[in-house]
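Enquirer: whatever this is, show me its structure:
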Amino acid sequence: MNLTNAIVAIALTGLAVLFSFSNGMPVKVYFHSFSTAPMPFYIPIFIAFLTGFIGGMIALSFSRYKHKRDIYRLQRENRLLADELDNLRNIPLQDDL
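Expert: Numbering: from 1, shown residues only. All right, here's what the predicted structure looks like:
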């Protein structure tokens, strides 16, 4: 799995470098009354990708926290049920004679 991740990271980095070398023309970014100074085209693109990546990581961290909390709750419930089962196994059987 780590080798696959490394290969994908290297490939994506290579594509990003190729993209940045191919798109160096200056552009201005306009948003309502805000505008930027001329900058290479790839910078706003990378900023958009970085913003999306950070947003995804934040969403993933909330999801991961929720799943860890659920795992802890289920482990605790499992432990209580196992203790109850052990207690039921240790109760002596009595005849009604």
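Enquirer: which parts of this structure are strands?
Expert: Assigned by DSSP state E, the strands in the chain fall at 26-27, 30-31, 34-35, 39-40.
Enquirer: now what about the last one, what contacts it?
Expert: Here strand 39-40 makes contact (C-beta atoms under 8 Å, 6 or more residues apart in numbering) with 20, 23-29. Quick note: C-beta positions are derived from backbone N, CA and C, even for glycine.
Enquirer: now swap in the first one and tell me
Expert: Contacts with strand 26-27, where a contact means C-beta under 8 Å, 6+ apart, come from 38-41, 44.
Enquirer: tell me the mean pLDDT over that strand?
Expert: What strand 26-27 shows for mean pLDDT is 90.
Enquirer: could you pull out the helices in the protein for me?
Expert: Here the chain has its helices, by DSSP state H, at 2-22, 42-89.
Enquirer: Throw the contacts of strand 39-40 into a markdown table and include distance to residue 2, thanks.
Expert: A markdown table is the format used below for those (distance: C-beta to C-beta, whole Å):
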| residue | distance to residue 2 |
| --- | --- |
| 20 | 27 |
| 23 | 32 |
| 24 | 34 |
| 25 | 38 |
| 26 | 40 |
| 27 | 38 |
| 28 | 42 |
| 29 | 37 |
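Enquirer: where are the low-confidence patches of the chain?
Expert: In the predicted model of the chain, residues 1, 95-97 satisfy pLDDT under 70.
Enquirer: what residue is smack in the middle of it?
Expert: The chain has residue 60 as the residue nearest its centroid, 3.3 Å off, counting by C-alpha atoms, centre = their mean.
Enquirer: nearest to residue 79, out of the strands of the chain?
Expert: Closest approach to residue 79 among the strands of the chain (C-beta to C-beta): strand 30-31, 54.1 Å.
Enquirer: list the neighbouring strands of the closest one plus their orientation.
Expert: strand 34-35 (antiparallel) (DSSP bridges).
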